[in-house]
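Q: Next come a sequence and a model predicted from it.
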Amino acid sequence: MEDLITCENLVKIYQLDGVEVMALQGLDLHVRRGEMVGIIGASGSGKTTLLNVLGGLDRPSAGKVRVEAYDLLKLSESQLDLYRRKMVGFLWQQTSRNLLPYLTALENVTLPMWLAGYPRSDRLSRAHDLLSALGLIDRIHHLPVQLSGGEQQRVALAVALANQPALLLADEPTGEVDSATAKEVYTALNKMNETQDLTTIIVSHDPQLNRYTDRVVTIRDGKTSSERIRAVPEINHQDPESHGARQLDEETIGQVKSSALSDSGGSFEELLVLDSAGRLQIPKKILETLDIGDRVRLKISGKSVLLHPVSGRSRKMNKIDNSQQQEELYLQEDQEPDRRKPSGIKRIMPALKRSTISKKFKGWWKHRLPDGR
């Protein structure tokens, strides 16, 4: 199946107080049409930045990013508005970003279609179809405050799908609900992904995310690091005795997908991602267990590649004496927050602020005294 999303060497740089922050550092990602993909990673790894770029909310700084026929690096502002309105649906964690509190469920779903110029009859028909498919037909005249957390997220999902987008972007859709409601939301996402001809990307910290998606991609330091895929039994399509192999393949995949919604959850395999430049990120736990530092020896053994630690290149923390202070040095992936002392004007700013506040307070208090002293 063809790719709907193609990201190659994607870079996004932010300017914060005159400092450049590289949120995405050459990220590669391919998502097939109809796929349901989870994105996980530590805070600050670049997950939300990727979602914003794919949604047309942020412009990439460099690299390649295409969604269907749209080259997001080259779109004008008006073309980007059209892309967001026609191509993408958004599902956010906070109800306040998904639903207007003074509109009913039905009115919330019809609003995006009204803005897009749909006729009234089409708006009502599609809104009823979506809410009915999500089990909310008896709640269409309720305000968001009258709905449970799971019902609110299902209404929000209907709003996201109102304009029939090809891509659904969900940012922490289960972040504010309990585990039972989270399963309800994931079930709805799976159902709509299959019935609405959708491609879905879910950003989450939920450790159970892999049970409900085709694969889960881990982002680390602004790059794709690894992915977990659901294990599907291999079928020999070349075997002449394998009657109905293609049909069996589709049935098997369907069974494995449905097992994700059961308690068993199926089995998974974790793969490291090799980017277009031939780079890969070895999981931190493996690096620490084998004490692999910043250099390795590579050897080819048959059809395998072996990496060997180099003596003297330990990952263990080194310490140096600097002006009678012990400064801790970390490898890049293990860096602690910057604890250096401020210098120059930054060092005296707190004192200046305290002095200014003190003078203002004394002046205010003087005017409050009856005798003016």
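A: Here it is on my side, so go on. Residues are numbered from 1 along each chain as shown.
Q: Tell me if I'm right that residue 80 and residue 55 touch.
A: No: Residue 80 lies out of contact with residue 55 (CB atoms under 8 Å); the separation is 10.1 Å. C-beta here means a position set from N, CA and C on the backbone, and glycine is covered the same way.
Q: quick one, which of those two is more surrounded?
A: residue 55 (20 against 15; other CB atoms under 10 Å).
Q: which residues does that one contact?
A: Applying CB atoms under 8 Å, 6 or more residues apart in numbering, we find residue 55 in contact with 84, 88, 90, 169.
Q: Considering these, which is situated nearest to residue 209?
A: residue 169 (14.7 Å; CB to CB).
Q: returning to that earlier point: what about the contacts of residue 55, which are in helices?
A: Among the contacts of residue 55, DSSP state H puts residue 84 in helices.
Q: Of the contacts of residue 55 - the most surrounded one?
A: residue 169 (25 neighbours).
Q: Show me what it is bridged to.
A: residue 90, residue 201 (DSSP bridges).
Q: Now do it, the pLDDT please.
A: On pLDDT, residue 169 comes in at 95.
Q: pLDDT weak spots in the stretch 151-300 of the chain?
A: Low-confidence segments of the stretch 151-300 of the chain (pLDDT under 70): 231-266.
Q: Please compute how far stretch 208-225 lies from its chain's middle.
A: Distance of stretch 208-225 from the chain centroid (CA atoms, centre = their mean, to the nearest Å) equals 8 Å.
Q: domain ranges for this structure?
A: 3-235+245-272, 282-340, 347-373 (automatic domain parsing).
Q: looking at those, which is buried most?
A: domain 3-235+245-272 (a mean of 17; mean count of other CB atoms under 10 Å).
Q: Could you check how far the spatially most central residue of the chain is from residue 15?
A: Per CA atoms, centre = their mean, the C-alpha nearest to the average position across the chain is that of residue 203, at 3.0 Å. Look at residue 203 and residue 15: by CB to CB, to the nearest Å, they are 23 Å apart.
Q: Check residue 199 too.
A: With distances taken as CB to CB, residue 199 is found 32 Å from residue 15.
Q: what's the answer for residue 141, then?
A: From residue 141 to residue 15 the distance is 47 Å (CB to CB).
Q: ditto for residue 280
A: Applying CB to CB to residue 280 and residue 15 gives a distance of 30 Å.
Q: ditto for residue 192
A: 38 Å.
Q: same deal with residue 51?
A: 20 Å.
Q: What of residue 6?
A: Taking CB to CB, one finds residue 6 at 27 Å from residue 15.
Q: Just to check, residue 270 is in contact with residue 217?
A: No: counting by CB under 8 Å, residue 270 sits too far from residue 217 to count as a contact (11.0 Å).
Q: Quick check: neighbours shared by these two?
A: By CB under 8 Å, 6+ apart, residue 270 and residue 217 have these common neighbours: 226-227.
Q: In the stretch 201-350 of the chain, what residue spans correspond to helices?
A: 245-259, 284-290, 345-368 (DSSP state H, counting those that start in this stretch).
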